[in-house]
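# give me the fold of what follows.
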Amino acid sequence: MRNTLILLVASLLVGCSENSTHLEHNDTTIVDYTIKQGKPLPVREWLCYDIDEDKICAPVTWGFVKQNSFFFMSDLSNIAPSSYFVIVKKDKISSGLDTKKYLKKLFTEFKQDSTGRLAKSQAIEVTYADKKVVYSEYYITMGKEPYIVYSTIFELDNDLYDISLKMITSKAKIYHEAYQNVIFNFYHNNSQVFTSKDKVVNAEIVDLTKL
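Model (predicted):
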C-alpha cells in the first residue's frame, strides 16, 4: 500500500529540530489529507510473519533475525554498517512505558550513544479518530557518514509499538519507501492498523528536549 502520510509529516517537520528555538512546544497544525490505496505488495518480493497476534510484512531481502532483544529484527548491515529494521513491542504495564515516556527514553539513548553524534531530531504527534501516533526522525553522524533513523510509535490495547529503520542517508530514500509499506501493511488481531479510512484530527509538533 502506498500513501501520502509520510510526505505530509515530513512537510510539517521542516524547521523542527533539536536546537530549534522559534517553535513552541504546543505549536499545533490542523491537517486534512487522504491516503491513496496502491498496488498489493509483490508476493515474490515480500514475506509476512505471524508473531503472536500481529502480522508483519517485510521485503524478502531484509531477512529475519532470530534474537531476544526485539519483537522483530532485520539486520541491514550488509547495506551499510549499523543499519537495521526493528519492531519494538512493550507491555505498557510491566514496562511502565507509554508513548511519551518511550519517546523520551529513545531520544535520550540517541543523545548519549557513544558510537554516533545526534546532529538533529524532529517529531510530530498525529491524532487520528481512533489512535495517536508519534512519527520522529533522528539524524546521526557515525564517523564521517550521516545516518537517519525513522521511528513510528503507537499503542494498541495494552502494548506499545515502535517501528524503526536506521539507514545510511545516501540510501535512505529507497529504504524509506519500503519502510512506509511495512507500516501500512501491519496487522493486529487480523485488522490493518493504518488504513485508507484513517482521518487526521490534529497534528502537533513535539519538542523532544522538553519531554
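# okay, Ile35: pLDDT?
Looking at Ile35, its pLDDT is 45.
# quote the end-to-end distance of stretch 41-59.
Using CA to CA, to the nearest Å, the end-to-end distance of stretch 41-59 comes to 9 Å.
# list the buried residues in that stretch.
Under the neighbour-count criterion of 16 or more other CB atoms under 10 Å, stretch 41-59 has Leu41, Trp46, Leu47, Asp54, Lys55, Ile56, Ala58, Pro59 buried. The way it works is simple: take the backbone N, C-alpha and C, and place the C-beta from them, glycine included.
# can you list contacts of that stretch?
1, 60-61, 64, 71-72, 74, 85, 87, 89, 178, 181-182, 185-190 (CB atoms under 8 Å, 6 or more residues apart in numbering).
# related to what we said a few turns ago, now the buried residues of stretch 41-59 as TSV including pLDDT, distance to Ala172 and secondary structure?
Below are those laid out as TSV (pLDDT from 0 to 100; distance: CB to CB, whole Å; DSSP: H, G, I helix; E, B strand; the rest coil):
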residue	pLDDT	distance to Ala172	secondary structure
Leu41	78	20	coil
Trp46	93	20	strand
Leu47	94	22	strand
Asp54	97	25	strand
Lys55	96	26	strand
Ile56	96	21	strand
Ala58	94	17	strand
Pro59	94	15	strand
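# so where do the strands sit in the protein?
Secondary structure of the chain (DSSP state E): strands at 28-29, 46-51, 54-59, 72-75, 84-91, 117-128, 132-142, 145-156, 159-168, 187-188, 191-192, 200-206.
# dump those strands to JSON lines, plus distance to Lys100.
Below are the strands of the chain laid out as JSON lines (distance: least, CB to CB, whole Å):
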{"stretch": "strand 28-29", "distance to Lys100": "16"}
{"stretch": "strand 46-51", "distance to Lys100": "26"}
{"stretch": "strand 54-59", "distance to Lys100": "23"}
{"stretch": "strand 72-75", "distance to Lys100": "23"}
{"stretch": "strand 84-91", "distance to Lys100": "13"}
{"stretch": "strand 117-128", "distance to Lys100": "9"}
{"stretch": "strand 132-142", "distance to Lys100": "8"}
{"stretch": "strand 145-156", "distance to Lys100": "9"}
{"stretch": "strand 159-168", "distance to Lys100": "10"}
{"stretch": "strand 187-188", "distance to Lys100": "21"}
{"stretch": "strand 191-192", "distance to Lys100": "25"}
{"stretch": "strand 200-206", "distance to Lys100": "8"}
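# could you tell me the least trusted of those strands?
Across the strands of the chain, strand 28-29 gives the lowest mean pLDDT, at a mean of 46.
# my guess is His83 contacts Ile168, does it?
His isn't right for residue 83; it's Ser. Yes. Ser83 is in contact with Ile168 according to CB atoms under 8 Å; the separation is 6.3 Å.
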